[in-house]
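Participant: Provided below are the primary sequence and the corresponding predicted coordinates.
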Amino acid sequence: MRKGLGVKIAGLLAGLALLAGCDMPAPPGAGGPTTAPRPVDAGQAPGKTAPSGESLALAAYYGKLQADLLSQGLLRTDGGGRDAPFGARDLARNFEQITFFDEYERGAGLRASSGRPVPLRRWTQPVRVNVEFGPSVPEDRQRADRGAVSAFAARLSDASGHPVVMDAARANMHVLIYSEDDRAFLPQRARELAPGISQGALSVFRNLPRQIHCFVMAFSGNGPQMHTYTRAIIVIRAEHPDLLRDSCVHEEMAQGMGLANDSPRARPSIFNDDDEFAHLTRHDALLLKMLYDPRLSPGITLDQARPIIAQMAEELLGGPS
């Protein structure tokens with residue numbers, strides 16, 4: 001997790017039955033409806049009302065947060081320069097930490113991971129992306145966000161070599177951009193997108209504390225497909241100012257490809273809790289290329305993959321360093 005910016009939550013989905021998930025505890029006293037109508041898309045929403053006080057307060061909070069980070073020289077968009085060099089050993093080490101380890105124990109909410117490596121997880125089918133909005137999100141904001149997601153989907157495809165396309169009709173990666181005033185729509189939409197989702201996982205959609213700015217919940221199959229992603233749901237708050245919103249798009253969509261962890265040693269990278277970089281870096285693009293290299297496959301263990309990882313890193317950076 002990038003502190004305050006992103007939360008990674010993994011689940012397992014087979015057919016219509018949720019086999020396992022991350023039971024993330026709801027905040028004390030939180031409640032919420034369990035059913036809600038499907039949100040209305042652009043151009044179809046009924047007459048929008050002014051944002052509520054809660055939504056305006058969130059927008060002010062995130063605006064101040066972005067300004068504070070920028071004043072510290074953080075949220076960089078340069079992709080990393082001469083001040084952030086890395087070599088093949090760095091790239092291999094960071095790939096191992098970000099791909100083969102989890103932040104949180106599966107099925108245990110926000111309890112820290114045991115630190116044991118997990119098998120590699122990624123997509124085998126094309127990733128087909130759709131963007132949805134809560135009814136309160138203005139049409140001009142929707143157009144801008146669709147453009148940003150579409151552009152980043154193309155970059156993910158180019159970096160990974162795996163198909164990532166915009167396809168609303170057959171989507172398996174769903175980007176939901178909702179405001180605080182649209183919160184009631186989220187639980188039902190999550191049920192529609194992931195039938196059989198556990199109550200623990202559903203509580204994340206129902207109760208979003210302020211410190212969760214955005215998150216991705218990835219689902220995989222059963223049996224031979226247990227390490228293959230079949231669906232992902234990304235939630236991004238509409239109250240974010242532009243750069244924080246873009247940062248959420250970059251981090252959560254990249255995480256949803258299979259880069260599931262953060263590392264304090266990863267630099268220049270968005271997979272680091274320090275908020276130094278807002279946009280995918282050259283380092284991160286190489287991680288995606290390694291993740292989808294045909295020499296690796298879903299389910300491969302770290303011990304099996306380690307010699308391949310070292311070889312890939314040396315190939316990409318022109319030898320050991």
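Facilitator: The structure has been received and is ready for your questions.
Participant: run the chain-centre distance for stretch 282-295.
Facilitator: Taking C-alpha atoms, centre = their mean, to the nearest Å, one finds the center of stretch 282-295 at 17 Å from the center of the full chain.
Participant: give me every residue that touches residue 269.
Facilitator: Shown here is residue 269, whose contacts under the criterion C-beta atoms under 8 Å, 6 or more residues apart in numbering are 80, 94, 263, 277, 281, 283-284, 287. Every residue, glycine included, has its C-beta placed from N, CA and C.
Participant: do that again at 6 Å, thanks
Facilitator: Contact partners of residue 269, counting by C-beta atoms under 6 Å, 6 or more residues apart in numbering, are 281, 283-284.
Participant: show me where the chain dips below the pLDDT cut-off.
Facilitator: Low-confidence regions of the chain, defined by pLDDT under 70, span residues 1-48, 103-114, 321.
Participant: center of it - which residue?
Facilitator: The C-alpha lying nearest the average C-alpha coordinate of the chain belongs to residue 252 (C-alpha atoms, centre = their mean; 2.0 Å).
Participant: checking that residue next. Helix, strand or coil?
Facilitator: The assignment at residue 252 comes out as helix when based on DSSP: H, G, I helix; E, B strand; the rest coil.
Participant: and what of residue 261?
Facilitator: Under three-state DSSP, the three-state class of residue 261 is coil.
Participant: got phi/psi on it?
Facilitator: Note on residue 261: its backbone torsions stand at phi -120, psi 170 [degrees, to the nearest 10].
Participant: returning to that earlier point: wait, the residue nearest to the centre of the chain sits on residue 217?
Facilitator: No. Proximity of residue 252 to residue 217 does not meet the contact threshold set by C-beta atoms under 6 Å, at 9.7 Å.
Participant: shared neighbours of those two, which are they?
Facilitator: With the criterion set as C-beta under 6 Å, 6+ apart, the contacts of residue 252 and residue 217 do not overlap.
Participant: coming back round to it: separation between the residue nearest to the centre of the chain and residue 295?
Facilitator: 27 Å (C-beta to C-beta, to the nearest Å).
Participant: re earlier: how near is the residue nearest to the centre of the chain to residue 312?
Facilitator: Noted for residue 252: a distance of 25 Å to residue 312, by C-beta to C-beta.
Participant: and what of residue 214?
Facilitator: Counting by C-beta to C-beta, the separation of residue 214 from residue 312 is 29 Å.
Participant: repeat for residue 121
Facilitator: Using C-beta to C-beta, one obtains 18 Å as the distance from residue 121 to residue 312.
Participant: can you show me the helices along this structure?
Facilitator: Taking DSSP state H as the criterion, the chain carries its helices at 53-71, 88-99, 139-160, 186-193, 199-206, 242-255, 282-291, 302-317.
Participant: from the contact counts, what lies against the last one?
Facilitator: The one in question is helix 302-317. Helices and strands in packing contact with helix 302-317 are listed as helix 88-99; criterion 3 or more C-beta pairs under 6 Å, 6 or more residues apart in numbering; DSSP states H and E.
Participant: how about the helix it packs on: buried residues?
Facilitator: For helix 88-99, the buried set under the neighbour-count rule, 16 or more other C-beta atoms under 10 Å, comprises 88, 90-99.
Participant: next: stretch 192-210.
Facilitator: 193-194, 196-198, 200-208.
Participant: ok, now stretch 146-153?
Facilitator: Of the residues in stretch 146-153, those scored as buried under the neighbour-count criterion (16+ other C-beta under 10 Å) are 146, 148-149, 152-153.
Participant: residues of stretch 159-171 that come out buried?
Facilitator: Buried residues in stretch 159-171, defined by neighbour count with 16+ other C-beta under 10 Å: 159-160, 162, 164-165, 167, 171.
Participant: C-alpha coordinates for that stretch, CSV please?
Facilitator: Only the C-alpha atoms of stretch 159-171 are listed here, as CSV (Å, rounded to 0.1, in the frame of the first residue of the first chain):
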residue,chain,number,x,y,z
ALA,A,159,4.9,-1.8,-21.2
SER,A,160,3.8,-5.3,-20.4
GLY,A,161,3.3,-6.7,-23.9
HIS,A,162,-0.1,-8.0,-22.7
PRO,A,163,-3.3,-6.8,-24.3
VAL,A,164,-5.0,-4.0,-22.2
VAL,A,165,-7.8,-2.4,-24.1
MET,A,166,-10.9,-0.3,-23.5
ASP,A,167,-14.0,-2.6,-23.9
ALA,A,168,-17.1,-1.7,-21.9
ALA,A,169,-19.1,-4.5,-23.3
ARG,A,170,-16.8,-7.3,-22.2
ALA,A,171,-14.9,-5.6,-19.3
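Participant: residues contacting it, please?
Facilitator: Contacts with stretch 159-171, where a contact means C-beta under 6 Å, 6+ apart, come from 126-130, 150, 153, 156-157, 285, 288, 292.
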